[in-house]
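S.K.: Based on what follows, work out the 3D shape:
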Amino acid sequence: MLRRSLLQGLGAAALAPAVVRAQSATTLRFIPQLDLAYLDPVFSTAYVSRNHGYLVFDTLYGVDQNFAAHPQMVAGHVVENDGLLWKLTLRDGLVWHDGERVLARDCVASIRRFARRDSFGEALMAATEALSAPDDRTIQFRLKKPFPLLPLALGKPGSPMPAMMPARLAETDPFKQVTEMVGSGPFRYLAEERVPGARNAYAKFDRYQPRADGPLGWTAGPKVAHYDRLVWTTQPDAGTAANALLTGEQDWMEYAYHDVLPLLTRNRQIRVTTPDPTGFVTMLRINHLQPPFDNPAIRRALFGAVDQRSFMEAVVGNDTAMYRTPLGFFAPGTPMATTEGLGPLQGPRDYDKVRKEILAAGYKGEKVVLLVPADSVGLKAQGDVAADMMTRAGLNVDYLATDWGTLLARRNRKDAPEAGGWNAFVSSWAGADWLNPAVHLALRGNGTSYPGWSVSPRTEALRQQWFEAADLVAQQAICREIQKVSMEEVPYYPLGNYIQPTAHRASVTGVLPGFATFWNVRPS
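M.R.: Numbering: from 1, shown residues only. Presented below is the predicted three-dimensional model:
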């Protein structure tokens, strides 16, 4: 399959005089990965919603680049009664953007809402006998059994975000969006400046009090805002986005797409870095409720058509240093990663054999509605490969290109594909979200946690064993079993792991490791 062609006109643009909009010297102009279709970072798993969430909201704990949890909104905690009683104490001086004090009961309501949407939060609440706020600054967990990962559950950097919000908002049904963006984070959301599909803006929250200590990185440590304003400008065309960065119209391009990297790296005014060494892990998610993928034999047969290298080369080209295969069900290079059971993903692809196996398994020619986000460069490329792969495997593919926001809405529908539902979509996750069974939402087998609605009692039982495992060796053994079960039951198809650089003007300094955060970033 041919790679994207995004370079037309960029060579001339790179040599043209800089055209810079007249803006304040303390305004950071940012090109996000996608349009900010959903503002609620608990309701949505989209990373653009998570990144927005960390501007507006804060979390009780932060996580450093080694995935260790550190106090953030809390001053600290004490653990009593052999690990069955945790008392978390909020820092002094925390206020919401509307001027009200942050109270422990706000946080209790926020934890309950988050836990209904998040796999890790759900596990924490399952281990909790009672969650309460005995006073304005104390959050108390009385546990049924020890849960030493409690700080990590309340500070996980992935999606959904463990956002703290006022109780009046946190009491919103977690399957509906909150109606206001009132947090206690370092920036305020400027709703009046929002242009859906085009622009979002933020202002520094002058009453935010950063931590005085803690390791600085990812979501941990002092969150000091140095810009007065942030303006996010949605630009789905990668070539146009790169041009805006090269000419100085924009300051920071969240995803420096691989086709434009040569131009960006040659320009002395641009800095290209790789902030997240785990990169992106990608998948083809399938709908277990609707034919043909309600049939496990058909799901298994399609594994023989999945060529992970083709998916990765569609995104990054043929530079093997920029991607990793084979990819299983945990992020490569992390403690739970294993190659156990990945034989069906390796070796030459035999499409004739796959077609015969799919027919023998009972495929009746049903349409397969494939949702592909046309406004995402990386996902669009992988969606095209997926459509080609499934067609070659004998499936009747209905390729439906849409914008990311529409895809997010449609994938929540359980209707038949012909009635507005779907059969498959492509998606990507940060490696941090595939670290282990605690955070890995797409691996859940409870039928409710993530669109696709996979049911696997075996995976759920192994997941519970993982939480109770005595040590790392035991956890790794359990994850090998989870991967073997997943290769048999097929909650989704892993497509590969690729490295995603970011790029910003040399005049922007202090960009931290991890996803795009905006504290510590400053104009030089």
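
S.K.: show me the contacts for Trp252.
M.R.: Leu28, Arg29, Phe30, Ile31, Leu245, Thr502, Ala503, His504, Arg505, Val508, Val511, Ala516 (CB atoms under 8 Å, 6 or more residues apart in numbering). (C-beta placed from N, C-alpha, C; glycine too.)

S.K.: which one among these gets closest to Val79?
M.R.: Ala516 (33.7 Å; CB to CB).

S.K.: who touches that closest one in this structure?
M.R.: Phe30, Pro32, Asn51, Trp252, Glu254, Thr502.

S.K.: now with 6 Å?
M.R.: Asn51, Glu254 (CB atoms under 6 Å, 6 or more residues apart in numbering).

S.K.: Look at it and tell me its secondary structure.
M.R.: Per DSSP: H, G, I helix; E, B strand; the rest coil, the secondary structure class of Ala516 is coil.

S.K.: so what pLDDT did it get?
M.R.: Listed pLDDT for Ala516 reads 95.

S.K.: Also Ala503?
M.R.: So Ala503 comes in at 97 (pLDDT).

S.K.: Likewise for Thr234?
M.R.: We note a pLDDT of 95 for Thr234 in this prediction.

S.K.: now that we're looking at it, how far away is Gly93 from it?
M.R.: 35 Å (CB to CB, to the nearest Å).

S.K.: what about the two, which has more around it?
M.R.: The neighbour comparison of Thr234 against Gly93 (other CB atoms under 10 Å) goes to Thr234, with 20 against 10.

S.K.: which residue sits closest to the more buried one, ignoring its sequence neighbours?
M.R.: Asp35 (4.5 Å; CB to CB, 6 or more residues apart in numbering).

S.K.: Would you mark the buried spots in the helix ranked longest in the chain?
M.R.: Criterion DSSP state H: the longest helix present in the chain is helix 472-489. Of all the residues in helix 472-489, those buried under the rule 16 or more other CB atoms under 10 Å are 475-476, 478-487, 489.

S.K.: so Pro222 touches Pro210, yeah?
M.R.: Yes: the criterion here is CB atoms under 6 Å, and Pro222 meets it with Pro210 at 4.1 Å.

S.K.: Which neighbours do those two have in common?
M.R.: Counting by CB under 6 Å, 6+ apart, nothing touches both Pro222 and Pro210.

S.K.: For the stretch 201-350 of the chain, which segments count as helices?
M.R.: Ranges of helices in the stretch 201-350 of the chain, per DSSP state H, counting those that start in this stretch, are 238-247, 261-266, 296-302, 308-316.

S.K.: Alpha carbons only: can I get the last one in PDB?
M.R.: The one in question is helix 308-316. In PDB, the C-alpha atoms belonging to helix 308-316 read as follows (Å, rounded to 0.1, in the frame of the first residue of the first chain):
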ATOM      1  CA  GLN A 308       1.500  -5.800  11.400                       C
ATOM      2  CA  ARG A 309       4.400  -4.600   9.300                       C
ATOM      3  CA  SER A 310       2.000  -3.300   6.700                       C
ATOM      4  CA  PHE A 311       0.100  -1.300   9.300                       C
ATOM      5  CA  MET A 312       3.200   0.200  10.700                       C
ATOM      6  CA  GLU A 313       4.800   1.100   7.400                       C
ATOM      7  CA  ALA A 314       1.600   2.900   6.400                       C
ATOM      8  CA  VAL A 315       2.200   5.200   9.400                       C
ATOM      9  CA  VAL A 316       6.000   5.600   9.600                       C
END
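
S.K.: Quick one: residues in contact with that helix.
M.R.: Surrounding helix 308-316, the residues in contact under the criterion CB under 6 Å, 6+ apart are Met1, His258, Met322, Tyr323, Thr325, Gly378, Ala381, Gln382, Val385, Leu495, Gly496, Tyr498.

S.K.: tell me which of those residues is nearest to Gly365?
M.R.: Nearest to Gly365 out of those is Val385 (CB to CB; 22.3 Å).

S.K.: Kindly provide the distance from that closest one to Ser159.
M.R.: 24 Å.

S.K.: now the buried residues of helix 472-489 in JSON lines, with pLDDT and distance to Ala238?
M.R.: Converted to JSON lines, the buried residues of helix 472-489 look like this (pLDDT from 0 to 100; distance: CB to CB, whole Å):
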{"residue": "Gln475", "pLDDT": "97", "distance to Ala238": "39"}
{"residue": "Gln476", "pLDDT": "98", "distance to Ala238": "38"}
{"residue": "Ile478", "pLDDT": "98", "distance to Ala238": "40"}
{"residue": "Cys479", "pLDDT": "98", "distance to Ala238": "35"}
{"residue": "Arg480", "pLDDT": "98", "distance to Ala238": "38"}
{"residue": "Glu481", "pLDDT": "98", "distance to Ala238": "40"}
{"residue": "Ile482", "pLDDT": "98", "distance to Ala238": "36"}
{"residue": "Gln483", "pLDDT": "98", "distance to Ala238": "34"}
{"residue": "Lys484", "pLDDT": "98", "distance to Ala238": "38"}
{"residue": "Val485", "pLDDT": "98", "distance to Ala238": "38"}
{"residue": "Ser486", "pLDDT": "98", "distance to Ala238": "33"}
{"residue": "Met487", "pLDDT": "98", "distance to Ala238": "34"}
{"residue": "Glu489", "pLDDT": "98", "distance to Ala238": "36"}
